[in-house]
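1. Need a 3D model of the sequence below.
(one chain, ligands or ions: 1)
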Amino acid sequence: MRSHPAIGDDAERPGGRRLKPLLQLLAFTRPYLGRLLLALLALVVAAGALLAFGQVIRNVVDYGLADGSTRALNLALLAFLSVVALLSVAITARSYLLNWIGERVVADVRRAVFERTLALDVGFYETNRTGELISRLTSDTALLQVVVGSTLAMGLRTGLLAVGGIAMLAITSPRLTAMVLLGVPLVVVPTWLLGARVRRLSRKSQDRIGDVAAYVDETLHAIRTVQAFGHEPIDQRRYAERVEQAFDTAMRRSLNSALMSGMVTMVTFGAIGTVLWVGGNEVLTGELSGGELSAFLFYAILVAGSVGSLSEIIGQLLRGAGASERLMELLQTQPKIAAPAQPRSLPTRVSGAVRAEGLSFSYPARPGILALADLDLDIRPGQRVALVGPSGAGKSTLFHLLLRFYDPQRGRLTLDGVDLRELAPSELRRHIAVVPQDPVIFGSDARENIRYGLEGTDEAAVRAAARAAHADDFIQRLPQGYDTFLGERGVRLSGGERQRIAVARAILRDPALLLLDEATSALDAESERLVQEALEHLMRDRTSIVIAHRLATVRQADRILVLDQGRIVASGRHEELLAENGLYARLASLQFQDVNQPPAAPGIAPAS
Ligand SMILES: Nc1ncnc2c1ncn2[C@@H]1O[C@H](COP(=O)(O)OP(=O)(O)OP(=O)(O)O)[C@@H](O)[C@H]1O
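-> Residues are numbered from 1 along each chain as shown. You can find the predicted model right below:
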């Protein structure tokens, strides 16, 4: 299996030049084509109305003022007000519609990117930092929101005004316009050259912000360790370095943007000044009327203003293109673990038979090192199998493969005779429940924490699962019972309580296959008894594979598999394996927490 390339490096991609990544956003406007067309209509009307002002001014000067006729002046004012009315309506429609589309597109992009990140396989998250991905979802989309919501609209308006203005200049005085156009390459060439740098630096700048976010994420998640080890000064320094790098990159980008704006302003206004000088001379010689020069002046300023701000807008758009490129890249990342084109389905009632044939696997991050080597397994429905082995033997790896977080390089793994690779991951995982060593409690209430992943399960079922997991009593005693918020800032649950929530979660799922990683930390006798009973209930009548840390568990197991360096080195029942006096006997005396205690749960008879 090839490892995921880390996304977000600074390499220049051939397809990612200039504004192209922004064009990819166009695909997101497709559902809103009607509104987009209306917005474009409003845009054209608004630009047209603004351009009409030039003609109003020309008429006022040439006919209204020159003829000294009040009627002409009144008419001109009437025309002025009509144009104003039209302009106002068009501007209102334009800005509302374009902003709406901008916000809508960004909302859709956010959703699409999040959806994709959820679908990406576990291997992807080993090569990409979550903080960096969060930064894409937040700061890149925020930037895009500004760019798409307002800059793009401004860009369209300004572009239209520049083109329309030049057309009106040409109508007013073709000769002068030809002179203006001669100056165009002077604006376009440096804009393009600097623009490419601005875009590259924008992307870098967003990448640096991603670094900063990743660092914050990592540090704050481990705040207890950070403080316990007095690591704060080092974190401060490292964070400061990253912030300064982000600042430097942003400043290099700003300098290029600023240079671009300054240069463009100088060139355009220089050109306009020259043209006005020539135009003024033409009025003096009578080749041009006063009204024409006024209109020309109006259009010239309009065009110069547009072209001047166009460079700034392009700078902004290029920043947006950088952000958009990062988001599109994420959207185009294909999960390595996905449903096949024609996924098979499992029987409605999965029996929970698990087989492995010649299974070999190495982690994408460590190719060449086998975490599981040539493993054969045959677990019959309803069997209880304990996995035992030294640290790093591959016990968790087998769970990862059963959940299809990764695909094996060789051999196959089947559930009810179906190769896991032929199943959609969601279909497979629907029939599996995992109780991890250190269960995660999510930022919601007790009910939602038990119902996790099974929306719409009724209250009675949730309570029944909680009762079976011995969680009902302590939940009832929480301040708001099942409505008590258990998340980060909510109630802190004890280790045993968290485990019982996790067991209730698994009971509610009613899986065909249970993967249980027993907690290594010892609980007090009462909690231990409750957890054991809950687990006992959970394992009844279903295939269970348990990474065992308790003597009680291995004694109860139908079969114990002893793993060492990715291989099964022994298998059998507890007494048989003890008698072999091999690795198992050594592990048993060292690893099992309750080896010197009588089994805590009633009904679990000590081996005779
Ligand atoms: N995501 C990963 N990327 C690369 N190597 C990994 C990864 N996870 C585990 N490994 C390696 O694979 C081997 C098997 O690990 P595994 O977690 O399956 O061991 P284990 O038997 O569950 O150990 P423990 O009892 O300590 O949890 C180890 O050498 C480990 O370093």
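
2. and residue 252, what does it touch?
-> Applying C-beta atoms under 8 Å, 6 or more residues apart in numbering to residue 252 gives the contacts residue 201. Any C-beta I mention is one placed from the backbone N, CA and C, and that applies to glycine too.

3. Swap in 10 Å and give it another go.
-> 197, 198, 200, 201, 204, 205 (C-beta atoms under 10 Å, 6 or more residues apart in numbering).

4. Kindly report the same for residue 220.
-> Counting by C-beta under 10 Å, 6+ apart, residue 220 makes contact with 131, 226, 235.

5. Report the lowest-confidence entry in those residues.
-> Lowest-confidence member of those: residue 131, scoring 78 (pLDDT).

6. how far away is that one from the ligand?
-> 18 Å (C-beta to the nearest ligand atom, to the nearest Å).

7. Ok, residue 546 next?
-> As judged by C-beta to the nearest ligand atom, residue 546 and the ligand stand 12 Å apart.

8. Check residue 368 too.
-> The gap separating residue 368 from the ligand is 11 Å, by C-beta to the nearest ligand atom.

9. mind checking the SS state of that residue?
-> For residue 368, the assignment made with DSSP: H, G, I helix; E, B strand; the rest coil gives coil.

10. and it, what pLDDT?
-> 87.

11. number of nearby residues for it?
-> 5 (other C-beta atoms under 10 Å).

12. So it is in contact with residue 361, correct?
-> No: using C-beta atoms under 10 Å, residue 368 makes no contact with residue 361, being 11.9 Å away.

13. Flag every buried residue along stretch 320-331.
-> By neighbour count on 16 or more other C-beta atoms under 10 Å, the buried set for stretch 320-331 is 320, 321, 322, 323, 324, 325, 326, 327, 328, 329, 330.

14. where's the fourth one, which helix or strand?
-> It stands for residue 323. Under the criterion DSSP states H and E, the helix or strand holding residue 323 is helix 290-332.

15. Can you name the element that comes right after that helix?
-> With DSSP H and E setting the assignment, the helix or strand that follows helix 290-332 is strand 354-361.

16. That following strand and the ligand in contact?
-> No: Strand 354-361 stays clear of the ligand (C-beta under 6 Å from any ligand atom), getting no nearer than 9.0 Å.

17. Summarise which helices and strands the helix or strand just after that strand is packed against.
-> Downstream of strand 354-361, the next assigned helix or strand under DSSP H and E is strand 372-379. Packed against strand 372-379 by the contact rule (3 or more C-beta pairs under 10 Å, 6 or more residues apart in numbering; DSSP states H and E) you find strand 354-361, helix 395-402, strand 410-415, strand 543-547, strand 559-564, strand 567-572.

18. Quick check: can you name the pairing partners of the fourth one and their directions?
-> The sheet places strand 543-547 alongside strand 384-388 (parallel), strand 513-517 (parallel), with pairing taken from DSSP bridges.

19. send the alpha carbons of that strand over as PDB?
-> Provided in PDB are the C-alpha atoms of strand 543-547 (Å, rounded to 0.1, in the frame of the first residue of the first chain):
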ATOM      1  CA  THR A 543     -18.500 -13.300  18.700                       C
ATOM      2  CA  SER A 544     -16.100 -11.500  20.900                       C
ATOM      3  CA  ILE A 545     -12.400 -10.800  20.400                       C
ATOM      4  CA  VAL A 546     -10.900  -9.400  23.500                       C
ATOM      5  CA  ILE A 547      -7.400  -8.000  24.100                       C
END
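
20. Next, the angle from it to strand 372-379.
-> Orientation of strand 543-547 against strand 372-379 (axes from the mean of the first three to the mean of the last three C-alpha atoms, to 10 degrees) gives an angle of 140 degrees.

21. and this protein, what are its domains?
-> As recorded under automatic domain parsing, the domains making up the chain are 16-332, 350-431+513-518+543-596.

22. now the shortest one: how far from the chain's centre is it?
-> I take that to be domain 350-431+513-518+543-596. Relative to its chain's centre, domain 350-431+513-518+543-596 lies at 33 Å (C-alpha atoms, centre = their mean, to the nearest Å).

23. going forward can the numbers begin at 79, since that is how I track them
-> Sure, I'll start numbering at 79, so the last one becomes domain 428-509+591-596+621-674.

24. what pLDDT does residue 351 get?
-> Listed pLDDT for residue 351 reads 79.

25. picking up where we left off before, go through the contacts of residue 330 and say which is closest to the ligand.
-> Comparing these against the ligand with C-beta to the nearest ligand atom places residue 282 closest, at 29.3 Å.

26. Leaving out chain neighbours, which residue sits closest to that closest one?
-> In space, and not counting its chain neighbours, residue 282 is closest to residue 327: 4.9 Å by C-beta to C-beta, 6 or more residues apart in numbering.

27. Report the inter-axis angle for the host helix or strand of that neighbour versus helix 368-410.
-> Per DSSP H and E: residue 327 is located in helix 310-362. Between helix 310-362 and helix 368-410, the angle comes out at 150 degrees (the same axes, to 10 degrees).

28. can you pick the most crowded of the contacts of residue 330?
-> The most crowded member of the contacts of residue 330, judged by other C-beta under 10 Å, is residue 276 (28 neighbours).

29. what's the helix or strand for it?
-> Going by DSSP H and E, residue 276 is in helix 262-299.

30. Beta-bridge partners for the residue lying closest to residue 497 once chain neighbours are set aside, please?
-> Spatial nearest neighbour of residue 497, excluding adjacent residues (C-beta to C-beta, 6+ apart): residue 490 at 5.1 Å. Applying DSSP bridges to residue 490 gives these bridge partners: residue 435.

31. So for the residue of the stretch 479-628 of the chain found nearest the ligand, what's the pLDDT?
-> The stretch 479-628 of the chain approaches the ligand most closely through residue 625 (6.6 Å), counting by C-beta to the nearest ligand atom. Looking at residue 625, its pLDDT is 93.

32. Run through the residues that contact it.
-> 464-467, 471, 473-474, 476-477, 514-515, 593-596, 598, 631, 641.

33. repeat that with 6 Å
-> Taking C-beta atoms under 6 Å, 6 or more residues apart in numbering, we find residue 625 in contact with 465, 473, 595.

34. Cross-check those residues against the ligand and keep the overlap.
-> Among these, the residues lying close to the ligand (C-beta under 6 Å from any ligand atom) are residue 473.

35. any idea which of the contacts of residue 625 has the most stuff around it?
-> Scoring the contacts of residue 625 on neighbours with other C-beta under 10 Å, the highest-scoring entry is residue 465 at 25 neighbours.

36. Which pair of the contacts of residue 330 spans the longest distance?
-> Farthest pair in those (C-beta to C-beta) is 275 and 283. Separation: 11.9 Å.

37. residue ranges with poor pLDDT in the protein?
-> Where the chain drops to pLDDT under 70, the residues are 79-96, 142-146, 261-262, 389, 566-569, 598-601, 671-686.

38. what about residue 256, neighbour count?
-> Residues near residue 256, counting by other C-beta under 10 Å, number 12.

39. hang on, I meant residue 163
-> Count around residue 163 with other C-beta under 10 Å applied: 11.

40. From the rest of the structure, what touches stretch 607-617?
-> Around stretch 607-617, the neighbours that count as contacts under C-beta under 6 Å, 6+ apart are 462, 546, 547, 548, 574, 577, 578, 581, 584, 585, 678, 679.

41. correction: stretch 343-356
-> 254, 257, 258, 261, 264, 265, 378, 382, 385, 386.

42. Can you name the residues of the stretch 479-628 of the chain that neighbour the ligand?
-> Contact residues, the stretch 479-628 of the chain versus the ligand (C-beta under 6 Å from any ligand atom): none.

43. Kindly recompute the last result at 8 Å.
-> Counting by C-beta under 8 Å from any ligand atom, the positions of the stretch 479-628 of the chain adjacent to the ligand are 595, 625.

44. which residue ranges form the helices in the stretch 479-628 of the chain?
-> With DSSP state H, counting those that start in this stretch, the ranges of helices along the stretch 479-628 of the chain come out as 503-508, 524-529, 537-546, 550-555, 573-587, 603-617.
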